[in-house]
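let's see this in three dimensions:
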Amino acid sequence: MSGCLCLPRYKKAPDGTPSTPAEAAAAKKPSVDSSSSLTNNHPPPSKMDAAVDRLKDGFSKFKTEVYDKKPELFEPLKAGQAPKYMVFSCADSRVCPSVTLGLEPGEAFTVRNIANMVPAYCKIKHAGVGSAIEYAVCALKVELIVVIGHSRCGGIKALLSLQDGAPDSFHFVEDWVRTGFPAKKKVQSEHGSLPFDDQCTILEKEAVNQSLENLKTYPFVKEGLANGTLKLVGGHYDFVSGKFDVWEA
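As a prediction, the model looks like this:
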């Protein structure tokens, strides 16, 4: 017996229909226009590529229009930072505190999270927030801690919408905004007859007040307040009416 395995020969059907497996597979492949941008393995730019380019262009503009023109600002920052402010602000993209308050690089040690909340002192939870406060007060010696709420805050809306016993929709969000639960109960008790949106507006400021009280549970904050080296301030940025309110704790 011969050791050669002979494959059958296929002939193309009279109507031109592919008669071999290879021809059939080739017929299924989409044709590519030689003028298409998909040729030469160069796909069209995606939206994500454009988003990355936006960051590169933004830095290029910052470099030429700000960084290179202000050596008196950026040269000292190479040696270290000495901010006067610690700012707690919401992660909401509409309320960047450096932009809205005109803060320069080096002026503010900033923490941003959902609904700009500060939990009470606890060594086994929220170490990220606690360590930021400790470093700002003990190492950087900031003089002012400001907690800034804002209009139409999604985190505050989520807090006010929480129903007792209802399952959470997110892995983390509901548990985090429950930090402001005492403020929510106060608003519902005192203003429960108001429409939901009006309660949200009140809660935006009341949650700031609760965060200010929570700050006082940190021993190093309490010491700074007692010594007169530290001050706590609340703020609220209303981007609908273009107004900023500030008050002392």
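
all helices for this protein, in order.
Under the criterion DSSP state H, the chain contains helices at 21-28, 47-62, 71-77, 97-100, 127-134, 154-161, 173-177, 181-191, 196-215, 219-227.

buried residues, the fifth one. List them.
Neighbour counts over helix 127-134 (16 or more other C-beta atoms under 10 Å) mark 129-130, 132-134 as buried. Where C-beta positions appear, they are placed from N, C-alpha and C, glycine not excepted.

list the helices and strands that helix packs on?
Under the contact definition 3 or more C-beta pairs under 8 Å, 6 or more residues apart in numbering; DSSP states H and E, helix 127-134 sits against strand 108-113, helix 219-227.

where does pLDDT dip in the chain?
Counting by pLDDT under 70, the low-confidence segments of the chain come to 1-44.

does T217 touch P119 like I think?
No. Taking contacts as C-beta atoms under 8 Å, T217 lies outside contact range of P119: 9.2 Å.

neighbours of Y67, how many?
Taking other C-beta atoms under 10 Å as the criterion, the count of residues near Y67 is 13.

centroid residue for the protein?
Most central in the chain under C-alpha atoms, centre = their mean is A91, positioned 4.1 Å from the mean C-alpha point.

which residues touch the closest residue to that one other than its chain neighbours?
Leaving aside its sequence neighbours, A91 sits nearest to R112 (C-beta to C-beta, 6 or more residues apart in numbering; 4.6 Å). The neighbourhood of R112, defined by C-beta atoms under 8 Å, 6 or more residues apart in numbering, consists of 88-91, 97.

out of those, name the ones that lie in strands.
Where the contacts of R112 overlap with strands, as defined by DSSP state E, the overlap consists of 88-90.

want to try a markdown table for those, with distance to N227 as columns?
Formatted as a markdown table, those follow (distance: C-beta to C-beta, whole Å):
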| residue | distance to N227 |
| --- | --- |
| F88 | 21 |
| S89 | 26 |
| C90 | 30 |
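
between these, which is nearest T64?
S89 (27.8 Å; C-beta to C-beta).

wait, the closest one sits on A108?
No. The pair S89 and A108 fails to qualify as a contact (C-beta under 8 Å) at a distance of 9.3 Å.

now do the shared contacts for the two.
Common neighbours of S89 and A108, using C-beta under 8 Å, 6+ apart, are P97.

next, count neighbours for T201.
Considering only other C-beta under 10 Å, T201 is surrounded by 21 other residues.

thank you, goodbye.
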